[in-house]
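structural data only, the sequence is not supplied:
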C-alpha cells in the first residue's frame, strides 16, 4: 500500500507541472487565490484626532467607499469620533470636553480625549497605509485556496473511479459529467461578472453560508468547495501509467482499497502544484495595491477567464496546447514508465478484469479463428485523426463491421514493416459488405511519440490512411493487456475478439481470417482478391532491439558503467557480439543518449540484414560499416532533421555480421537500434 501511495504522489506531481495543466492555472489563480485575499487588506482610512482636539473628518480613499463594519463599530458613538456616511459625508461629530475633574467617573458620553503624544500622533497621522496594513494583518485569512483544491481532489477522485460506472448504470452518456462541469464553470464565471446573478446562485447556499458565518467562515469562502467540485470534473490531467491503471480500474469496476489509495494520492500529488499557484494568487492580491484598488475589475477579469476556460475545454484546448508546447515533463514521465517497480506495482499490461479476461483464451498468431471474449472498449483517447471531423470511434457503434485494432508506434521499425500490410487490408476491404474498419491505436514508446504533431507527421510519412487513436495514457493498451509493438486484435461483427497477433509476420494468416469474418458477416458477399505486399519480416537470428535509455539498456559493453548523467565514455577494444559501446562525452537519460562532444561515437556489433536507428536533432551522422574481419565495407552520411524518427544505417541484401560505428555531432540524440 505504501508503495502505491508513493507512486501515486510522484505520478501526480509530474502531472501537476505538465503542459496540459496550464489552461487551469488562470482560474486557480483568480478564483482560488485572488478571491481568497484577506478582507480589510485595503481598509478605508479612519478619523484621527489632531493636537488641538478639534473634530476632523477624514474621507475614505474612494468617495463611494463605505467604512467596513469593524471600523464603524470601533468608532461609532466614541467621544471625538466621526461617523461617516455611505458617500463619505460626516453624519455625526462629537467634540470631546477639554478636561474633567480629578476622580470624576469615566463616562463614555462625557469622557475627555487628551491629545496624543508625539509618537502616537505620528503613528495615527501615518494615515491609511498603516491602518490598512494593521487591518489586513488582523483579519483571519481565507480558506478559499484550500477549499477549491480540496473540492477538486474529491471530485476528481470520485468521478475518475465511479463516474463511468454510475453513468453506465443510469444509462446516461459518458460525457455528461464533462458538460455539467463546463456549464457550472461558465455559470460561476457569469456570476463573478454580474453580482445580482451571483446572488441568485448563492441563495440555495444561504443557510450553509449563515452556518459558516457563525463558525467564523469568511465571505470569500462561500462556494469555494463547490467550485472545486466543478473543476475536478473537468480536470483531465496528462496521462501516464498511474492514471492508466486508475482509469482502467474505474471503468471496469475493479476498485479496492489499493486502487482508492492510488487514486487519492495521485489526485493530491497533481493538486499540490495547483495549491501553490492558488496561494501565490492570494499573496499577490494581498500585497499588490492594484488588486486592492480594482477589486471589482479583478472579479470581472476572473469571471472572463473562467468562461474562456469553459469554452477552451469544450473545444479541447489542452490537446492543442500539448501540440504547440514541448513535453518538458516527458523525461520524468518516461522515468516512471520505465521503472520495474512501478510496472510491477501497477501490473501494467496484466490487469485482468471481467471485460478482458477472455483474451487469455486466444493463442498468439493462431491460423484459425478463436473465441477470445468481447473486445474491450477504447478508452483514455483524447486525440483522433483520419476520422470524419477527427471524431472518436466507438466499438459498439461498429457492430456489423469486422474491426482490426492495431497497436503501433511511428518510430518502431517492426510497426513500420507491418503498416503496409494493414493499410493494404484497409483499402481492399473497407467497402466490402457492412465494411471493414482498422483502428490504429498509437501508444508511445518514447516521450517524443506523445506529441500529436509528431504522430501525425509520422503517420503521413508511413502512408497511414486508416483512423488513428492516440493512446498517450496507455489506457486502451492496458485494457487489452497488451505488451507489444505491433499487436493486432481482430474483432468480428458481433464485437468478439477472434484472433491476436503479437509482433511481425503471419500476414497471410491474418488476411485469410479477415476474409473469413467478412464472409460470415455478409453471407453471399463477393470478396475482392487478396492483397499482395512483400513480407519484410527478418529471417534468421538478429541482434535484439538495442536501447540507449538508461532504464532499458541491457547490452552495453563499454567503460565506465552506463548510468544517467554526463560523462566521458571509452569504446570497447573488442566489441562482443550484439553489444554496443560509446566513445567521447555523452549525456545519458531515460530517453536515450545525447552527444555532448563533437565526434562522439557509438559502436554496435550486429547480426542482421538491415540496421536502423532512431535519431533526433539536426546534422549529419557518419556511419562506418565493417565486416567480421574489421574491414571497412561501407561509409555513408545520414542526414538528420525534423522530428525524431527512424533512419536506415545498413540496407543489405542478405544477413551479415559485423560492426557499425556512428560519428554523432554534438547535440544529437540516439534512442535505439533495431534490426531486420
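Sure thing, it's come through. The model shown is predicted, which means the values in this text are computed figures rather than measured ones. Residues are numbered from 1 along each chain as shown.

least trustworthy helix or strand in the protein by mean pLDDT?
One helix or strand of the chain scores below all others by mean pLDDT, DSSP states H and E: helix 69-75, with a mean of 34.

strands of the stretch 301-450 of the chain, start to end?
Using DSSP state E, counting those that start in this stretch, the strands of the stretch 301-450 of the chain run over 383-385, 402-408, 436-442.

how many neighbouring residues does residue 563 have?
Neighbourhood size, residue 563 [other C-beta atoms under 10 Å]: 9. C-beta: built from backbone N, CA, C; applies to glycine.

and if you look at residue 165?
14.

what about it, which SS state?
Taken by DSSP: H, G, I helix; E, B strand; the rest coil, the conformation at residue 165 corresponds to helix.

tell me how far it lies from residue 269.
Going from residue 165 to residue 269 by C-beta to C-beta, to the nearest Å gives 24 Å.

list the buried residues of the helix or strand hosting residue 271.
Using DSSP states H and E, residue 271 sits in helix 257-287. For helix 257-287, the neighbour count (16 or more other C-beta atoms under 10 Å) marks 259, 262-279, 281-282, 285-286 as buried.

helices of the stretch 451-600 of the chain, start to end?
Here the stretch 451-600 of the chain has its helices, by DSSP state H, counting those that start in this stretch, at 452-462, 475-479, 507-521.

pick out the shakiest of those helices, pLDDT-wise.
For these, the bottom mean pLDDT is recorded on helix 475-479, which sits at a mean of 86.

where are the low-confidence patches of the stretch 401-550 of the chain?
538-540 (pLDDT under 70).

hmm, 80 instead?
Low-confidence segments of the stretch 401-550 of the chain (pLDDT under 80): 446-448, 450, 473, 535-541, 550.

shaky segments in the stretch 551-676 of the chain?
Ranges of the stretch 551-676 of the chain meeting pLDDT under 80: 551-554, 590-591, 643, 676.

again, 70 this time
Within the stretch 551-676 of the chain, the ranges that satisfy pLDDT under 70 run 551.

would you map the strands across the stretch 451-600 of the chain?
Counting by DSSP E, counting those that start in this stretch, the strands of the stretch 451-600 of the chain are 468-470, 487-491, 497-502, 546-547, 565-569, 580-588, 593-595, 600-616.

could you dump the ones you listed to CSV with mean neighbour count and distance to residue 249?
Shown next, in CSV, are the strands of the stretch 451-600 of the chain (neighbours: other C-beta atoms under 10 Å; distance: least, C-beta to C-beta, whole Å):
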stretch, mean neighbour count, distance to residue 249
strand 468-470, 24, 21
strand 487-491, 23, 21
strand 497-502, 23, 21
strand 546-547, 24, 29
strand 565-569, 14, 36
strand 580-588, 22, 34
strand 593-595, 24, 36
strand 600-616, 23, 33
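
so can I have TSV of these showing distance to residue 557?
Compiled in TSV, the strands of the stretch 451-600 of the chain are given as follows (distance: least, C-beta to C-beta, whole Å):
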stretch	distance to residue 557
strand 468-470	37
strand 487-491	31
strand 497-502	29
strand 546-547	11
strand 565-569	11
strand 580-588	6
strand 593-595	15
strand 600-616	8
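
so which of these gets nearest residue 336?
Closest to residue 336 of the strands of the stretch 451-600 of the chain is strand 546-547 (C-beta to C-beta; 16.5 Å).

what helices or strands is the closest one leaning on?
For strand 546-547, the packing partners by 3 or more C-beta pairs under 8 Å, 6 or more residues apart in numbering; DSSP states H and E come out as strand 669-675.

now the angle from the strand it packs on to strand 580-588?
When axes from the mean of the first three to the mean of the last three C-alpha atoms, to 10 degrees is applied, the directions of strand 669-675 and strand 580-588 differ by 150 degrees.

which helices and strands does strand 669-675 pack with?
helix 413-429, strand 546-547, strand 593-595, strand 600-616, strand 645-664.

between these, which one is nearest to residue 578?
Among those, strand 600-616 comes nearest to residue 578, with 6.4 Å by C-beta to C-beta.
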